[in-house]
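Novice: Okay, sequence plus prediction incoming.
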Amino acid sequence: QVQLVESGGGLVQPGGSLTLTCAVSGLSLNEYAVAWFRQAPGKEREGVTCIDERSASSVIVDSVAGRFTISLDSTKNSVYLQMKSLKPEDTGVYYCASGYGCIEDNMNYWGKGILVTVSS
C-alpha cells in the first residue's frame, strides 16, 4: 500500500522559513518522481516543484525559484521542500504526490496535504 504523509507545515511570518517533509512508503524513490503541489484559498491547485531520481532531474515553478528547494533522502524514503523568504501568497495547502515522471497527469499517489500559513 502506497502512502505519502506530509509534515512540517504551520504558521510562519513573512520572510521566514519552513521545511516540509513527505514521508513515502510502498514505492521506491529510485523509480518514481515526487512532486509538491499547493492550493491557495480560492485558487486552483498548482505544481510547485518535482524531483525524479530516476532521471536525475528536477523542475520548479518560476514563482518560487531561488526561494524553494526540493531534495530527496533515499535512505529515509523522504522528500523535502525547503522554503525560505516566504511571502503571504505562499499560503495554501501543500500536497506531495508521486508518479512515473514529473508529469501531473501521472501523479497517481497523493498525500492528504498540510497547511502553510504565511502571515504576520
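Specialist: That came through, no problem.
Novice: so D73 bridges to which residues?
Specialist: S78 (DSSP bridges).
Novice: For V48, give me its contacts.
Specialist: Contacts for V48 (C-beta atoms under 8 Å, 6 or more residues apart in numbering) come out as 35-38, 60-61, 64, 68, 81, 94. Placement of C-beta: from N, CA and C, glycine included.
Novice: now do 6 Å
Specialist: 36, 38, 61, 64 (C-beta atoms under 6 Å, 6 or more residues apart in numbering).
Novice: That one - nearest residue in space that isn't next to it in sequence?
Specialist: In space, V48 comes closest to W36 once its chain neighbours are excluded; the distance is 4.5 Å by C-beta to C-beta, 6 or more residues apart in numbering.
Novice: just to revisit the earlier point, between the contacts of V48, which sits nearest G101?
Specialist: W36 (15.3 Å; C-beta to C-beta).
Novice: Dump the helix or strand encompassing Q82 to PDB, restricted to CA.
Specialist: Q82 belongs to strand 78-83 when assigned by DSSP states H and E. Extracted C-alpha coordinates of strand 78-83, given in PDB (Å, rounded to 0.1, in the frame of the first residue of the first chain):
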ATOM      1  CA  SER A  78      11.500  11.000   2.100                       C
ATOM      2  CA  VAL A  79      11.300  14.200   0.000                       C
ATOM      3  CA  TYR A  80      11.800  17.700   1.500                       C
ATOM      4  CA  LEU A  81      10.600  21.100   0.400                       C
ATOM      5  CA  GLN A  82      12.800  23.800   2.000                       C
ATOM      6  CA  MET A  83      11.000  27.200   1.800                       C
END
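Novice: which other residues reach it?
Specialist: Here strand 78-83 has contacts from 18-23, 34, 36, 68-72, using C-beta under 6 Å, 6+ apart.
Novice: which among the contacts of V48 end up buried?
Specialist: 36, 38, 64 (16 or more other C-beta atoms under 10 Å).
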